[in-house]
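J.: here is a sequence together with a model predicted from it:
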Amino acid sequence: MRELSDPATMLFQGLANRAVQGQGGLLSGQDPSGFYQADPLRLWIIQVGIIIMMAQLLGFFLGKIRQPKVIAEVLGGILLGPTAFGRIPGFTNHIFPAASISYLSLTAQIGLCLFLFIIGLEIDPSVIKRNARLSVVVSLAGVVLPFGVGCGISVAIYNNFIDPSQNFNHLMLFVGVSFSITAFPVLCRILTALKLLDTTVGLIVLSAGVANDVIGWSLLALAVAFVNATSGLTALWTFLSGLAFTLFLLFPTKWALLWLARKTGSTVHGPTMPYMTVVMLVLWGSAFFTDIVGVNAIFGAFIAGVIIPREGGVALAFAEKLEDMVSIIFLPLYFTISGLNTNLALINTGTAWGFVFAIATLDFSGKFIGCSLSSKSLGFSWREATAVGSLMSCKGLVELIVLNVGLSAGILTQQVFSMFVLEALILTFMTTPLVNLIYPPEHRTHASGAGAGVAHIPAKDEGEGATTPSSRQSSTVDEHPWRRRFVAVLDEFNHMPGIMALTKLALPPTADNSASGKKLELSVDALRLIELSDRMSTAMKSSMTETLIRTDPLMGVFKMFAEQSDNIPVSGSLAVVSHDDWAHSVADHAKRHGSQLVLVPWIPPSLSSTADGADAGVKVEHNPFDTFFGTSSKDNSASTMHSHFVRGVFMHSKVDVAVYVDRGDNAGTSGPQHVLFPFFGGPDDRLALEFVVQMCSNPRTSATVIKTVAFPDTIYGQPNTEHILQSDTADDITWSRYASPAFEKDTHQQLRSALSRIQFTNLTSPTPLHALVQRTKQLRETHGRLVVVTGRSKRLATETHLQELKQVVEEQGCTGYEVVKKTIGDVATSFVVAGAQNALVVLQAASGFVDEA
């Protein structure tokens, strides 16, 4: 990087001259896109703008086919180079003139050091320690065999494309290192996107990838030291100097940084400004030292990232602070520099294309065979072993960094460099589809049973004798309808009151079962959802879920609530998945854990009202653009986005689901409360009736259950007559089971006690929703806390409420209620539209088919 000192000096001199010279710009007749040695900033801004737009545009389209972002960045750099845009007359000379490349390269090198620092932050030694034997065997097999293959093909490359005056040993080293490397950052992203992190394959690839990354960078440092040395003795001194400095960083400097982090409170409150200043000085000081001793500045930046403390999420916080600027600006700049040096037109002979095919085949084969055979020897199946080999063959940006070092050192020609860039692009592009083909979801073995990108921590009372999901009952207890295995969804802080209230409402008593003589076993699995984005820090979270699950604030709040609420046994799981996959993750998690009820919190979007004197619960908002665009301006609000997630859980879940509609009433936290449940019929209402009975097992909870009789017809689909009759019969049986006095005499003592606190009545009305809303207002006057429980009633419902709901909406003058209606159904929506401030619990029974909501 010493060749960049002159451009840096000229840059600062130019900026100084710029402050003195006139700033006429366009008014003085200057070309705003021209390059001026005294004022390089203008063209630099144009270059950066073009590079960023190209990377983002390609990333958008390639993301649709689930390709990593690095593909778009590399391809964008190639297109801006002589391969494509460079063929446009005047493009390269005007946008990327040769005199400006040094400034662009300086910026890219700064970004590369920051990126290697972030890669070092991603290296978690505990991942290797947990699977030491497996990771060492697979990583060594993925380095030794590819290195040998690379050394072998380097002979043919040297004889056909390299000037004989060049040192063959240097070429052999760089080709061997490029074959040995695995792109850990890209690999981690692919594992997360394909939901492989909790599988046996994901665990071994993650740990082996970390080990391979460390070995690969060490080999690169050794190769650079050997190339830069003028003699064997100089190479030895360069290596020993780099080794001594590395040990200095890994031990005393690392301990000092941990001590300083604790002293400044960075492990508790995040990195403080003084601590960040010290770390930045260590980063650039390390890069400077490794550069002057002849290793390379990027190696010092990498080691600086490795020594940052993991305690208290300090390393993660640094990655979150730096990653946006690095990934949006600096990395595309670096890949553009690579693209400007890549000219695919130079691959213009059959021999050259044959070597591209040979390099790609041998590079893939070396990694694939070495990692697959080593995985098979460790006891993996052939499908799993070949999936490991396919993933470890991912190259990505790490190989490009190695190639650029070789190009800048004069070891690789532009033609050979272009051949290797194309090979890296091909191997990275084929990783995702190949893994999907070899290791599809139906053949995956989950190591923790916790979901994609999930870590799982058992409850305190889960031990060796604990039952597994497959050995548990999938239905309720015979003597009473208690649900006792729950999944509680944790996503945002503002939903925490709702999920805690719903958990408190749903839990049955744990008193001994007199019929069986056993205590009722309860289990609540708190599933923490974290959105997976394009940021590198989310990939870090995917690989360190077991640490995050112990430090996550939402999980801590929920566990504290459980301890204060009769010491509820809570196990914790954490999933890092894209927002679109949240619903699938919840459904799969509940199914694998044998859960009986999924608990989901939801805050409905505010409804606009045009009525005078609207209830306080309905937010009055007027937007003149609503009419113009034909849609509510809140369609993209966070609440509406969360509504799509809730509907997705309803759609994909194969177990029962309960949604707590938070209306600002903290019912369920403490004190006596009353439940109102309108029974219209259908599987959802039958489930809701059982849920109400379970709620009333709490001595402080009473209920009013109203069986409504209106004027039935059909609206939700067209189920055949047989299904309707079966549903009606099931409604009558369920109602008579709990409302019959004879049943109360013969039933279990706890169930009989719960039924004694429930009042069963009938309601005959042509407008049942209006009558129920009025009944709610009356009950709120006599009961301090009121919870309304309804079925979602989207399937096999015997009555339609659509017309009456429209009347309620017109009376309230509300708009934008369609999202609420699609999410929780007509009955619950009528309470929301009417401005009722009481909490709502909406239930949907498990179904074998998909709801069209």
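T.: Thanks, I have it.
J.: SS state for G294?
T.: Under DSSP: H, G, I helix; E, B strand; the rest coil, G294 falls in the coil class.
J.: can you give me phi and psi for A488?
T.: Phi and psi for A488, reported as degrees, to the nearest 10, are phi -100, psi 120.
J.: list the contacts for it?
T.: I499, L502, T503, V524, D525, A526, L527, F558, L599 (C-beta atoms under 8 Å, 6 or more residues apart in numbering). Where you see a C-beta, it was placed from the backbone N, CA and C, and this is true even at glycine.
J.: who's it bridged to?
T.: Listed beta-bridge partners, A488: A526, L599 (assigned using DSSP bridges).
J.: and the pLDDT for it?
T.: Looking at A488, its pLDDT reads 95.
J.: which one is S207 nearest to, not counting chain neighbours?
T.: With C-beta to C-beta, 6 or more residues apart in numbering as the criterion, S207 has its nearest non-adjacent residue at 3.7 Å, and that residue is S135.
J.: return the member of the contacts of A488 nearest to L187.
T.: L187 has its nearest neighbour among the contacts of A488 in L527, at 25.6 Å by C-beta to C-beta.
J.: against G572, how distant is that closest one?
T.: For L527, the distance to G572 (C-beta to C-beta, to the nearest Å) stands at 8 Å.
J.: what about S523, distance to A55?
T.: Between S523 and A55 the distance, using C-beta to C-beta, works out to 47 Å.
J.: looking at those two, which one has more neighbours?
T.: A55 (27 against 23; other C-beta atoms under 10 Å).
J.: can you report phi and psi for that one?
T.: Torsion angles at A55 (phi, psi; degrees, to the nearest 10) stand at phi -60, psi -40.
J.: pLDDT wise, what is it at?
T.: Taking A55 on its own, its pLDDT is 92.
J.: what of M651?
T.: At M651, the pLDDT value in this model is 91.
J.: what about it, which SS state?
T.: Under three-state DSSP, M651 comes out as helix.
J.: and if you look at the one 3 residues further on?
T.: When the structure is split into helix, strand and coil by three-state DSSP, K654 lands in coil.
J.: pretty sure it contacts A846?
T.: Yes. Using C-beta atoms under 8 Å, K654 is in contact with A846, at 5.8 Å.
J.: compare those two (neighbour count), which wins?
T.: Counted by other C-beta under 10 Å, K654 and A846 do not tie: A846 has more neighbours, with 17 against 13.
J.: tell me the secondary structure for the more buried one?
T.: Assigned with three-state DSSP, A846 falls in the coil class.
J.: check what pLDDT it gets.
T.: Per-residue pLDDT puts A846 at 84.
J.: same question for stretch 564-573: list its buried residues.
T.: I568, P569, V570, S571, G572, S573 (16 or more other C-beta atoms under 10 Å).
J.: for stretch 84-92, same thing?
T.: If you call a residue buried by 16+ other C-beta under 10 Å, then stretch 84-92 has these buried ones: F85, G86, T92.
J.: and the second one, what does it touch?
T.: It stands for G86. G86 neighbours (C-beta under 8 Å, 6+ apart): L80, T92, L340, N343.
J.: please report how far it lies from I78.
T.: To I78, G86 is 10 Å away according to C-beta to C-beta.
J.: what does R775 give?
T.: Separation of R775 from I78 (C-beta to C-beta): 69 Å.
J.: next one: Q415
T.: On the measure of C-beta to C-beta, Q415 and I78 end up 14 Å apart.
J.: for D291, same thing?
T.: Look at D291 and I78: by C-beta to C-beta, they are 28 Å apart.
J.: and stretch 146-156, C-alpha only, in CSV?
T.: Output of stretch 146-156 as CSV, limited to C-alpha atoms (Å, rounded to 0.1, in the frame of the first residue of the first chain):
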residue,chain,number,x,y,z
PRO,A,146,-7.4,-27.7,-3.1
PHE,A,147,-3.9,-26.2,-2.4
GLY,A,148,-2.3,-29.2,-4.0
VAL,A,149,-4.7,-29.1,-7.0
GLY,A,150,-4.0,-25.3,-7.4
CYS,A,151,-0.2,-25.9,-7.3
GLY,A,152,-0.6,-28.6,-10.0
ILE,A,153,-2.6,-26.4,-12.4
SER,A,154,-0.3,-23.5,-11.8
VAL,A,155,2.3,-25.3,-13.9
ALA,A,156,0.1,-25.3,-17.0
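J.: got the contact list for that stretch?
T.: Stretch 146-156 has contacts (C-beta under 8 Å, 6+ apart) with 168, 171-172, 175-180, 219, 355, 358-359, 362-363, 365-367, 370.
J.: change it to 7 Å
T.: 171-172, 175-176, 178-180, 358-359, 362-363, 366-367, 370 (C-beta atoms under 7 Å, 6 or more residues apart in numbering).
J.: what's the answer for stretch 353-367, then?
T.: Here stretch 353-367 makes contact (C-beta under 7 Å, 6+ apart) with 142, 145-146, 149, 153, 157, 179, 347, 389, 392-393, 419-420, 422-423, 426-427.
J.: how close does the residue positioned nearest the centre of the chain sit to A208?
T.: Centroid-nearest residue in the chain, with C-alpha atoms, centre = their mean: L532, separated by 2.0 Å. Per C-beta to C-beta, L532 is found 22 Å from A208.
J.: S697 contacts A754, doesn't it?
T.: Yes. S697 is within contact range of A754, at 4.4 Å (criterion: C-beta atoms under 7 Å).
J.: next, show the common contact partners of G86 and I78.
T.: Common contacts of G86 and I78 (C-beta under 7 Å, 6+ apart): none found.
J.: quick one: contacts for the residue nearest to Y660 when sequence neighbours are not counted?
T.: What sits nearest to Y660 in space, not counting adjacent residues and going by C-beta to C-beta, 6+ apart, is L502, at 3.8 Å. Counting by C-beta under 7 Å, 6+ apart, L502 makes contact with L599, P601, A658, Y660, G668, V841.
J.: could you redo the last one with a cut-off of 8 Å?
T.: Taking C-beta under 8 Å, 6+ apart as the test, what L502 contacts is A488, L599, P601, A658, Y660, G668, V841.
J.: distance from the strand or helix carrying it to the middle of the chain?
T.: If you go by DSSP states H and E, L502 is part of helix 496-506. Centre-to-centre, helix 496-506 and its host chain are 25 Å apart (C-alpha atoms, centre = their mean, to the nearest Å).
J.: re earlier: adding pLDDT, write the contacts of A488 out as TSV.
T.: As requested, the contacts of A488 are exported to TSV (pLDDT from 0 to 100):
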residue	pLDDT
I499	93
L502	92
T503	91
V524	92
D525	93
A526	94
L527	94
F558	92
L599	96
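J.: circling back to that earlier point, count of residues packed around the residue nearest to S207?
T.: Using other C-beta under 10 Å, S135 has 23 neighbouring residues.
J.: helix/strand/coil for it?
T.: S135 ends up helix, using three-state DSSP.
J.: who's in contact with it?
T.: V127, I128, I204, S207, A208, V210, A211.
J.: by neighbours, which of those wins?
T.: Across the contacts of S135, neighbour numbers were computed from other C-beta under 10 Å; A208 holds the maximum, 32 neighbours.
J.: wait, it sits on V143?
T.: No. Assessed by C-beta under 8 Å, A208 is found out of contact with V143, at 10.0 Å.
J.: between the contacts of stretch 146-156, which is nearest L322?
T.: Relative to L322, the closest of the contacts of stretch 146-156 is S178; by C-beta to C-beta it sits at 26.6 Å.
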